[in-house]
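Enquirer: got a predicted structure here, sequence first:
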Amino acid sequence: MSKIIIENGSVIDGTGKEPLKNSIVVIEDQKITYVGKQEGYAKSGEEAVIDAQGGTILPGLIDSHVHMMMEFSPIADRLAIPFSFMYYQAAKYLKTTLHAGITSVRDALGTDLGVKKAIEEGLISGPRLQLSINALTITGGHGDGYTVSGNVVDLLPSNYPGMPSGKCDGVEEVRKKTREMLRAGAEVIKVHATGGVLSATDHPEFTQFSLNELKAIVEEGRFRKNVKVMAHAQGAEGIKNAVKAGIHSIEHGIFLDDEAIEMMLENGTFLVPTLLAPVAVLETAKETGMPDTAVQKSKEVIEQHKASIAKAHQAGVKIAMGTDAGVMKHGTNLRELGLMVDVGMSPMEAIVASTKTAAECLGWEEKVGTIETGKLADVIVVKGNPLEDIYSLATNETVQVVIKNGEIEKNMLIKETIASN
């Protein structure tokens, strides 16, 4: 069936406008062809009709920071898993993410071009992917799996076909490593500009990569393929170096200060908060075998993280939703919207951050992120009104219907009918 009508629902179109009450969305092939009142559209009698049952129709949501090839697990478990098994696990993570209402993601390291191709060719089900391939990291920095024992235990394998190692030092090395990521299919370059919570030998406030190294990375992306750079950046100095270098988005932003916020405003830099990440570390530490260092650092930063994101939001920094899914279980992504509201965003602002602004962050605003005529048909239907209860989205059963590229990927509504002439 090439035409679908979603009716009997309110439309939150992702632009921030007031919801359209009692409206319909019409999909033909892969595109949205009509949004508005039912009386403004004449049915042909050949459409598949989905009854939203008084729920809310939204754009497919976008997570700007995920790791689709992993879910954090104890070291012993990781060492006992054969290499190829991670691809079968990833197929499950991808489907779970899509069924949670996330139709597009930006993968912040670990997923190679073959996974994207498998989704695009219909071999597996999953959200639309934007790939970074692997993150650039300094020796001894966040992303270097060196442990205090002297052994190296990386979160994910690297240095296999299609997945170059990201370790590099000095301007010439970072240029070459950026080129290797682009060659492997990177659509965005990921760099670790500071230490982090999960790395054993550094701290979130530690600055990593010099300003000149960061500028070289940005230059390579811009000159060769006009590819943007996303920076894991938690300490204030590393954040400011990243913004000075022309980096497109700051991931996490735990220790933002007033100067960093002002610089981000001046440069139009996006902020991807990932408020869920340290929360999940503390919640799942025992179950997943989180190292004690990660638990301690999460406790140290969690309140500062909230305060920084609240301050950035109040100042008007562009915020795109991202979760760091993979640190926590995939499919729990939409808890992030409630956490964004907890630090001062309105429910509508949290939704816009997860749709329109996230699409802009990925450079995909011309095709996804809003429910508008001519856009790709990424549409979801949820129970109730998320503007009244944003926390309801954290339960996947709230997401009743998921449509990606005009194809129904999930449908929990019993009454799907085909109108007849």
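Expert: All right, it came through fine.

Enquirer: when you work out contacts or count neighbours from here on, use the C-alpha atoms and nothing else.
Expert: OK.

Enquirer: mind listing the residues bridging to residue 233?
Expert: When bridges are taken as DSSP bridges, the partners of residue 233 come out as residue 252.

Enquirer: now do the helices in this protein.
Expert: According to DSSP state H, the chain carries its helices in the segments 75-79, 85-99, 113-120, 171-183, 211-225, 236-245, 258-267, 276-288, 292-315, 335-342, 347-353, 356-362.

Enquirer: nearest to residue 380, out of the ones you listed?
Expert: Among the helices of the chain, helix 85-99 comes nearest to residue 380, with 9.6 Å by Cα to Cα.

Enquirer: same for the closest one, what does it pack against?
Expert: In this structure, helix 85-99 packs against strand 399-404, strand 407-411, with contacts taken as 3 or more Cα pairs under 8 Å, 6 or more residues apart in numbering; DSSP states H and E.

Enquirer: tell me the contacts of residue 53?
Expert: Residues in contact with residue 53 (Cα atoms under 8 Å, 6 or more residues apart in numbering) are 8, 9.

Enquirer: meant to ask about residue 352, not that
Expert: 14, 15, 16, 358 are the contacts of residue 352 under Cα under 8 Å, 6+ apart.

Enquirer: swap in 7 Å and give it another go.
Expert: Counting by Cα atoms under 7 Å, 6 or more residues apart in numbering, residue 352 touches 14, 15, 16.

Enquirer: narrow the residues you listed to those in strands?
Expert: Counting by DSSP state E, no part of the contacts of residue 352 is found in strands.

Enquirer: low-confidence bits of this protein, can you list those?
Expert: Low-confidence segments of the chain (pLDDT under 70): 1, 414-421.

Enquirer: can you give the domain ranges for it?
Expert: 3-58+371-418, 61-362 (automatic domain parsing).

Enquirer: if we can go back for a sec, and of the helices of the chain, who's closest to residue 408?
Expert: Of all the helices of the chain, the one in closest proximity to residue 408, counting by Cα to Cα, is helix 85-99 (10.5 Å).

Enquirer: for that closest one, buried residues please.
Expert: 86, 87, 90, 91, 92, 93, 94, 95, 96, 97, 98, 99 (16 or more other Cα atoms under 10 Å).

Enquirer: JSON lines for these, including distance to residue 4?
Expert: Shown next, in JSON lines, are the buried residues of helix 85-99 (distance: Cα to Cα, whole Å):
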{"residue": "86", "distance to residue 4": "36"}
{"residue": "87", "distance to residue 4": "33"}
{"residue": "90", "distance to residue 4": "30"}
{"residue": "91", "distance to residue 4": "27"}
{"residue": "92", "distance to residue 4": "27"}
{"residue": "93", "distance to residue 4": "27"}
{"residue": "94", "distance to residue 4": "24"}
{"residue": "95", "distance to residue 4": "22"}
{"residue": "96", "distance to residue 4": "23"}
{"residue": "97", "distance to residue 4": "23"}
{"residue": "98", "distance to residue 4": "19"}
{"residue": "99", "distance to residue 4": "19"}
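
Enquirer: thought residue 197 was touching residue 291?
Expert: No: using Cα atoms under 7 Å, residue 197 is not in contact with residue 291, being 9.9 Å away.

Enquirer: more neighbours: these two, which one.
Expert: residue 197 (25 against 17; other Cα atoms under 10 Å).

Enquirer: what sits against the more buried one?
Expert: Residues in contact with residue 197 (Cα under 7 Å, 6+ apart) are 203, 204, 294, 297, 298.

Enquirer: quick check: the gap between it and residue 82.
Expert: According to Cα to Cα, to the nearest Å, residue 197 stands 27 Å off from residue 82.

Enquirer: ditto for residue 99
Expert: Using Cα to Cα, we find residue 99 at a distance of 27 Å from residue 82.

Enquirer: looking at the helices and strands packed on helix 85-99, which is nearest to residue 125?
Expert: Taking Cα to Cα as the criterion, residue 125 comes closest to strand 407-411 out of those, the separation being 8.0 Å.

Enquirer: what's the angle between that closest one and strand 399-404?
Expert: Put simply, strand 407-411 runs at 160 degrees to strand 399-404, going by axes from the mean of the first three to the mean of the last three Cα atoms, to 10 degrees.

Enquirer: for strand 407-411, packing partners?
Expert: strand 399-404 (3 or more Cα pairs under 7 Å, 6 or more residues apart in numbering; DSSP states H and E).
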